[in-house]
Each structure stands twice: as C-alpha cells, then as structure tokens.
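Enquirer: Could you look at this predicted model? Sequence included:
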Amino acid sequence: MRELLDRISQNVHWVVFLLLEVLSGFMLFKFNNYQGSVWFTQANTVAGKVLEWEAKGLQYMNLGKENAYLVRQNTLLQSNLNVLRHELAELKRDTSVTQRYHIDLLKDMEMIPAQVISNSVRQRDNLITINVGSNDGVEPEMGVISGTGVVGIVSKVTPHYALVLSVLNSRSSISCRLRGTEYFGYMKWNGGNPLQVSMDDVPRHAKPRIGDIVETSGFSSLFPAGIFLGRVAQIHNSGDGLAYSLEIQMGTDIAHVQNVCVLKHHMKEELDSLRR
Amino acid sequence: MIDTLLKRLLVMLLLVAFQVLVLNHLNLSGYGTPIVIACMVLYMPMGSPKAGILLWGFCTGMLVDIFSNTPGVASGAMTFVALIQPPLLNLMVPRDAPEDITPTIQAMGSGNYIRYTMILFLIHHLVYYSLECFSLYHMADAALLMLTSWISSVLLALLLETFRKKK
C-alpha cells in the first residue's frame, strides 16, 4: 500500500502535465476564433489597461512623426478643400443637389476618435484593439479609418474596448472602386507584405493604370464613398483571363497606425433593413 | 520557502513584461521574434518538484498568451518544456555537481550551460511554432521563423544570464 502511494506521488507530474496540455489545447481550439476570444484576450479589462498604458507611453515617443503626418494630411485636405470650393461655386449656379448630397453624406456619419492600444501585422488574421467601446457608442460592424485611409471594421465590443478586424485579415473584404470610374471590386489581403493588398475582378474595359487611386465605393453602410485606400501598384491578369487583378499599395501603414476614427452611421439600420 | 516563491514570481513577471512589452513589438521584417519566456523553466534548480515546474511554466505561458492574443500556444509550449527540463538538466550537469544545483554559467560551466540553453529553447520553439502554424502559417515560412527566432532567443537568453549573475 505504502509503495503504491509512493509510486503515485512520484508520478503525479505526468497527470499535471496531461491536465495542463489538455487545458492549453482546449484554449488553442476553443478561443482561436476571434469572436469567442474577446473576454479572454485583449479586450479583457486588466490586459486592456496594461496595454493602454504602454500605448500611451509609446505615443509620446512617436508624437513627432504623428505630427508630421497630421501636417501633411492637413495641407492635403486644405488643397482639396480649395479645389472643391471652386467646383462647388461653379456647380451652385445651376443646381444645389451636389452640395446637398455632400453635406448629407457627412451628416449621417458621426466620428468617434480612438487610439490603438494593440496591433499586429505578423499573423494571417490580424486584429487591432482600440480604446473605445459600447459606452462610447461603438457597435460591431462599424468602419474604422485613420488620417491616411481605411483601417478595418469593428468586430466585437466590450464597454471600454473594441476589437477591430484589420484590413490585414483573411476575413476582411472591403468594397472599393477606382477613383473617377464606377468600376468596383473587393479588396483582399493575401498575407505577407502589410502594405500590399489586392483588388480582384476588375473588368478589362475599366482600363486601370498604375498609380490610379483606389477608394471606398460607399456600397456598404460601413464607409462613405471616396475614402482613400491606396494606389494601383501592379496589374495582373486574373486566373480566368477575363478580368484584371490589381495589386494595391496601401495608403495606411497598419503597423504604425495610432490615432483612428470609428465611423458611426446614423442611418445604418435603415439602410441595412432595406438590403436584407 | 516564501522567499524563493516571491523571487520566482518576480522573475516570472519581469520575463512576461519583457516579452510582451518589448520583444513582441520587434518586427524583424519577416523573421521570427525572440521568445525568452522559456528562461522561467530554464532557471529551475535540479530536484525541484516536477509538478511545480509544470505549473510555473504553464502560468508564464498563460500570461503571455493573454497579452498577445495567442490562446494556448505559449502555455502549451511552456508546459511541454517544463516536462523536458528535469531530465535534460540531469543529463547536462557535471557528475560531481551538488544535488540541488541551480543552472547558471558558473555552476555548470559555460559549454554545458550554452548547450543546455540551446536544446531547451530548440524544443520550446519547435512546439511553439508547430502550435502556431497549426492554425496560421505555411510550413516553409514557419521553419524560417522558428530558426531565426531560436537563434535570437538563445543569444538574448545568454545576455540575460549575465544580468542574472549580478542579482
């Protein structure tokens, strides 16, 4: 009897080992789908807090770069505004529909500023955590943009944090079009370079050229039309040879994005109920 | 007893913080990130209760998992390494060493210590990257990642060893 007990106590570590490995395996399979993982992973309050402190610290170091970014963006926007003002003044003469359209589009959108507290670009399915949540009015299925373009789509929210499905995720696909034409397609990321995405099924007669601007199409209620995505870098034939597949140089470097905006569409439910 | 426990807890928190707040942000353009949390298991003295080593390893891995969105990957790998550590250490220490030797460069000799670190880390990285690529990567990419990560981790662990001496 004594010997038996000794035996057991000597080998108890095997039982512990098996238990712990089963537990890890359970977590690996159970939580690796991102919906189930929110309570356990980064949106978890404690981890969220720590990562937020870290992000805050890091932001100070990057303020210079961020400022340069903003200045550039500001200049760009101002020059755009100039051009638009001119055009608007010309259009106003015969109709005010265009003006109303532009104002309406922005009126429907509320922008909720947020900061990235954790981010990854290394994996096949990348997620971003931001420091706003349902208390700030964020809901799943809202678009997220930065000063330089589209960042991703909110997939899950807790009271203070939200998990964003980055553009760099195999599940993400964003409706886009070539600026100046109405030819649209879907933007996808095929892994690898975080600055390169692709847009498939562009018809041949769309005549895309290298350097053309790709923007959101506005077909979904997530993003308004005309938000910058990137520029065409290369043009390939699609697999069946009937269309082009474009390689796009992203406008936003997801790896370095810090300040973002969540787009809240006031008419979203109305729009979605129509599409259903 | 309490003293060693607190010391270990401190080492664990320092390692996890270093891994999560510093190393996880190193993006070596396509090459693997160094992973040094296996040091937690590496430092366990000979003759410590095996179940204890397993639990320490698992908890360290679990903490890293929580902070880096990789549920089960680090904890699984750490638990496996914790199982391997006692026999490996047994194999690596000199014959005439005391029974409860703590693995350090001085106690084991640098050759033995470096070999011990390399083997332990290799096993850790093998398990870690197999678990990770199970769900994510292609095999060839994973092998390159693993190899570069392993080399950088071993170098970093040896560097950490020099800090540990002073304490």
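Expert: Yep, that arrived. Numbers count the residues shown, from 1 in each chain, chains lettered A, B, ... in the order given.
Enquirer: so who does residue 133 touch?
Expert: You didn't say which chain, so I picked chain A. Contact analysis of A:Gly133 by C-beta atoms under 8 Å, 6 or more residues apart in numbering or on different chains lists A:43, A:157-162. Quick note: C-beta positions are derived from backbone N, CA and C, even for glycine.
Enquirer: Can you look at chain B instead?
Expert: B:139, B:141-142.
Enquirer: swap in A:Val50?
Expert: By C-beta under 8 Å, 6+ apart, A:Val50 lies in contact with B:Phe67.
Enquirer: Buried ones only from the contacts of B:Cys133, please, as a PyMOL command.
Expert: Buried members of the contacts of B:Cys133, defined by 16 or more other C-beta atoms under 10 Å in any protein chain shown, are picked up in PyMOL with:
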select buried, chain B and resi 141+142
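Enquirer: pLDDT and secondary structure added to the contacts of B:Cys133, as TSV?
Expert: As requested, these are exported to TSV (pLDDT from 0 to 100; DSSP: H, G, I helix; E, B strand; the rest coil):
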residue	pLDDT	secondary structure
B:Met139	71	helix
B:Asp141	73	helix
B:Ala142	76	helix
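Enquirer: How much space separates B:Leu89 from chain A?
Expert: The spacing between B:Leu89 and chain A, counted by C-beta to the nearest C-beta, to the nearest Å, is 14 Å.
Enquirer: ok, A:Asp240 - how many residues close by?
Expert: Residues near A:Asp240, counting by other C-beta atoms under 10 Å in any protein chain shown, number 7.
Enquirer: the helices in chain B, which residues?
Expert: B:2-17, B:39-42, B:50-68, B:73-92, B:105-108, B:110-135, B:139-166 (DSSP state H).
Enquirer: in the stretch 1-150 of chain A, which spans are helices?
Expert: A:2-10, A:12-31, A:45-92, A:97-107 (DSSP state H, counting those that start in this stretch).
Enquirer: Need the winner for burial among those helices.
Expert: Mean neighbours per residue, mean count of other C-beta atoms under 10 Å in any protein chain shown, is largest over the helices of the stretch 1-150 of chain A for helix A:12-31, with a mean of 17.
Enquirer: by contact count, what packs against that helix?
Expert: In terms of contacts (3 or more C-beta pairs under 8 Å, 6 or more residues apart in numbering or on different chains; DSSP states H and E), helix A:12-31 is packed against helix B:50-68, helix B:73-92, helix B:110-135.
Enquirer: Try it again at 6 Å.
Expert: Counting contacts by 3 or more C-beta pairs under 6 Å, 6 or more residues apart in numbering or on different chains; DSSP states H and E, helix A:12-31 is packed against helix B:50-68, helix B:73-92.
Enquirer: And the average pLDDT for that helix is what?
Expert: What helix A:12-31 shows for mean pLDDT is 83.
Enquirer: can you state the direction angle for that helix and helix B:73-92?
Expert: Between helix A:12-31 and helix B:73-92, the angle comes out at 150 degrees (axes from the mean of the first three to the mean of the last three C-alpha atoms, to 10 degrees).
Enquirer: List of residues touching helix A:12-31?
Expert: The contact list for helix A:12-31, computed with C-beta atoms under 6 Å, 6 or more residues apart in numbering or on different chains, reads A:37, A:40, B:50-51, B:54, B:58, B:71-72, B:75-76, B:79, B:83.
Enquirer: try it again with 7 Å
Expert: A:36-37, A:40, B:50-51, B:54-55, B:58, B:71-73, B:75-76, B:79, B:83, B:131 (C-beta atoms under 7 Å, 6 or more residues apart in numbering or on different chains).
Enquirer: Likewise for stretch A:206-213?
Expert: With contact meaning C-beta under 7 Å, 6+ apart, stretch A:206-213 is reached by A:178-179, A:181, A:183, A:202, A:228, A:231-233, A:235, A:244, A:246.
Enquirer: try 10 Å
Expert: Applying C-beta atoms under 10 Å, 6 or more residues apart in numbering or on different chains, the set of residues contacting stretch A:206-213 from outside is A:177-185, A:199, A:202, A:214, A:226, A:228-235, A:243-244, A:246-249, A:251.
Enquirer: Which residue is most remote from the mean position of chain B?
Expert: Going by C-alpha atoms, centre = their mean, the residue of chain B most distant from its centre is B:Asp96, 25.8 Å out.
Enquirer: next one: phi and psi at it?
Expert: Dihedral pair for B:Asp96: phi -90, psi 10, per degrees, to the nearest 10.
Enquirer: gap between it and chain A?
Expert: From B:Asp96 to chain A the distance is 26 Å (C-beta to the nearest C-beta).
Enquirer: Check the contacts of helix A:12-31 against A:Asn193 and report the nearest one.
Expert: Of all these, B:Val73 has the smallest distance to A:Asn193: 23.9 Å, by C-beta to C-beta.
Enquirer: Just the endpoints, please. Distance across stretch A:6-16?
Expert: One end of stretch A:6-16 sits 16 Å from the other (C-alpha to C-alpha, to the nearest Å).
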